[in-house]
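Visitor: Using only what follows, build the 3D model:
(one chain, ligands or ions: 3)
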Amino acid sequence: MDNQLKRVFSHFRAEGTFEKAFLFGSGHIHDTYKVVTAETDHHDYILQRINTNIFKDVAQLQNNIYQVTTHIRKKLSGIPGADPDRETLTIIPANNGDLYYKDTRGNYWRTYLFIDRHKSYDQVRTPEQAYQGGKAIGRFETLISGLDPNGIYEILPGFHNMEIRLDTFFNTVEKDPVDRVREVLSEIDFVRSRAEEMKTIQKLGKEGKIPLRIIHNDTKFNNVLFDEHDKSLCIIDLDTIMPGYIHYDFGDAIRTSANSALEDEKDLEKVFVRLDLYEAFARGFMEEVRDELNNTEIDYLPFSARMLTFIIGLRFLTDYIDGDHYFKIHHPKHNLERARAQFKLVKSMEDHREEMEKIVKKLK
Ligand code: ADP
Ligand code: GN1
Ligand code: MG
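Guide: Numbers count the residues shown, from 1 in each chain. Ligands and ions are numbered 1, 2, ... in the order given. Prediction:
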């Protein structure tokens, strides 16, 4: 494996000598490796085998990320004390200048500078971490604002479109390709009883009450890197930057930042919304973006937490029924466990709906 990775890595314009590489992080999509270089004064790198089942047009994908990081870099260069190499991703091009490399087996690879001395969390423990996360995501929204939407290719159309996700779900239930529907009847009921309400954000968009913005679309907490002093440093995983509603970023971030447990916790007793973390995240987020948002956008932030938790649960459940083709899984029922944990979190957010609304109202 090391040899294969070393060969792939040699096709990029990276400095330093390949010493070793190992699997890194806990993303659900790509194969991610950390490449350690032999010299202490050279950077380490992230080498990723891109998941082309999901991202079919790698050139477009990489071009999007190039546009986004160039834009952010330009903005950071005007901020005294900012460090662009640590505060945004840096793409290392291939030797031929492309932003990716295709190996002889047809695999696509990309390389980034490794952001040194960072910390990353799959679960939030303290309100201070949640507050820092809220500031980081909010600040990111303002960093990417002003990006020319015409330069950004809509890489995964309909990504958080509830109507499309529900249609895919019910079609998969109908087909039942691997005979798993009988195992998940109560989860299907759960989806059915909430399907209409969950289309609310799309409806507001169609009515022109909330604007499309360029947003991140995958703001789970481990896509925020922290520095050694636990201050937020960098937002990574820029694959899904596309037009969307602000609710997608706030909601997805709350899904992971205000969860009392891990995303795939099996013991559902342990899964509930922590209002202290929710309040802290929302406070940090609002400090950064309040002035940019209209009243309707703000009013529906609490709902968006439910909606995004629901839609990610729905996608895990769809993938389970479909035979596990989309998300990386670590054991056979992993997607089902993830879906159940997400739906339990939705339920808890329903139980605390009023408190969640009050908290955002106070921050308005
Ligand atoms: P996925 O889409 O599979 O989640 P990510 O791009 O988020 O892939 O990368 C997976 C993990 O690799 C991240 O959660 C993070 O821990 C780590 N990672 C990615 N890019 C960098 C980077 N430039 N520097 C340091 N760590 C990184
Ligand atoms: C995937 O790439 P990663 O692991 O950060 C997924 C997100 C889901 C998330 C659930 C491109 O995110 O949409 O919310 O898993 N990314 C893609 O944990 O589908
Ligand atoms: Mg990720």
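
Visitor: check contacts around the residue of the chain positioned farthest from its centre.
Guide: Within the chain, residue 39 marks the point farthest from the mean C-alpha position, 32.6 Å out by C-alpha atoms, centre = their mean. Residue 39 makes contact with 16, 17, according to C-beta atoms under 8 Å, 6 or more residues apart in numbering. In short, each C-beta sits where N, CA and C put it, glycine included.

Visitor: Double-check that it belongs to a strand.
Guide: No: counting by DSSP: H, G, I helix; E, B strand; the rest coil, residue 39 falls outside a strand, being coil.

Visitor: separation between the closest residue in space to residue 274 that isn't next to it in sequence and ligand 2?
Guide: For residue 274, ignoring the flanking residues on the chain, the nearest one in space by C-beta to C-beta, 6 or more residues apart in numbering is residue 260 at 4.9 Å. Distance, residue 260 to ligand 2, by C-beta to the nearest ligand atom, to the nearest Å: 17 Å.

Visitor: mind checking how far residue 260 is from residue 175?
Guide: 35 Å (C-beta to C-beta, to the nearest Å).

Visitor: do residue 154 as well
Guide: From residue 154 to residue 175 the distance is 27 Å (C-beta to C-beta).

Visitor: list the contacts for the residue nearest to residue 139 when sequence neighbours are not counted?
Guide: Excluding the flanking residues, the one nearest residue 139 by C-beta to C-beta, 6+ apart is residue 288, at 5.0 Å. For residue 288, the contacting residues are 134, 135, 138, 139, 141, 142, by C-beta under 8 Å, 6+ apart.

Visitor: could I get the residues you listed as JSON lines with secondary structure, pLDDT and neighbour count?
Guide: Below are those laid out as JSON lines (DSSP: H, G, I helix; E, B strand; the rest coil; pLDDT from 0 to 100; neighbours: other C-beta atoms under 10 Å):
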{"residue": "134", "secondary structure": "helix", "pLDDT": "98", "neighbour count": "29"}
{"residue": "135", "secondary structure": "helix", "pLDDT": "97", "neighbour count": "21"}
{"residue": "138", "secondary structure": "helix", "pLDDT": "98", "neighbour count": "25"}
{"residue": "139", "secondary structure": "helix", "pLDDT": "96", "neighbour count": "17"}
{"residue": "141", "secondary structure": "helix", "pLDDT": "97", "neighbour count": "22"}
{"residue": "142", "secondary structure": "helix", "pLDDT": "95", "neighbour count": "13"}
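
Visitor: what's near enough to touch the residue nearest the centre of the chain?
Guide: By C-alpha atoms, centre = their mean, the chain has its centre lying nearest to residue 218, at 2.2 Å. Applying C-beta under 8 Å, 6+ apart, one finds that residue 218 lies in contact with 237, 239, 240, 252.

Visitor: Apply 6 Å and report the result again.
Guide: Shown in contact with residue 218 (C-beta atoms under 6 Å, 6 or more residues apart in numbering): 237, 240.

Visitor: How about residue 182?
Guide: Residue 182 neighbours (C-beta under 6 Å, 6+ apart): none.

Visitor: Over to residue 270?
Guide: Taking C-beta under 6 Å, 6+ apart as the test, what residue 270 contacts is residue 261.

Visitor: if I look at it, how far off is residue 260?
Guide: Look at residue 270 and residue 260: by C-beta to C-beta, they are 6 Å apart.

Visitor: and what of residue 26?
Guide: Remark: distance between residue 26 and residue 260 (C-beta to C-beta) = 19 Å.

Visitor: In the stretch 1-150 of the chain, what residue spans correspond to helices?
Guide: Shown for the stretch 1-150 of the chain, the helices assigned by DSSP state H, counting those that start in this stretch span residues 2-9, 58-77, 84-87, 127-144.

Visitor: same deal with the stretch 201-350 of the chain?
Guide: Going by DSSP H, counting those that start in this stretch, the stretch 201-350 of the chain shows helices at 246-257, 275-289, 295-299, 301-322, 334-351.

Visitor: Stretch 18-31 close to ligand 1?
Guide: Yes: Stretch 18-31 comes into contact with ligand 1 (C-beta under 6 Å from any ligand atom), by way of 24, 25, 27, 28, 29, 30.

Visitor: Are that stretch and ligand 3 in contact anywhere?
Guide: Yes: under the criterion of C-beta under 5 Å from the ion, stretch 18-31 makes contact with ligand 3 via residue 27.

Visitor: roughly how far apart are the residue of the chain found nearest ligand 2 and residue 264?
Guide: Nearest residue of the chain to ligand 2, counting by C-beta to the nearest ligand atom: residue 28, 3.5 Å away. In this view, residue 28 and residue 264 are 10 Å apart by C-beta to C-beta.

Visitor: of those two, who's got more company?
Guide: A direct count of neighbours by other C-beta atoms under 10 Å for residue 28 and residue 264 places residue 264 higher, at 21 against 17.
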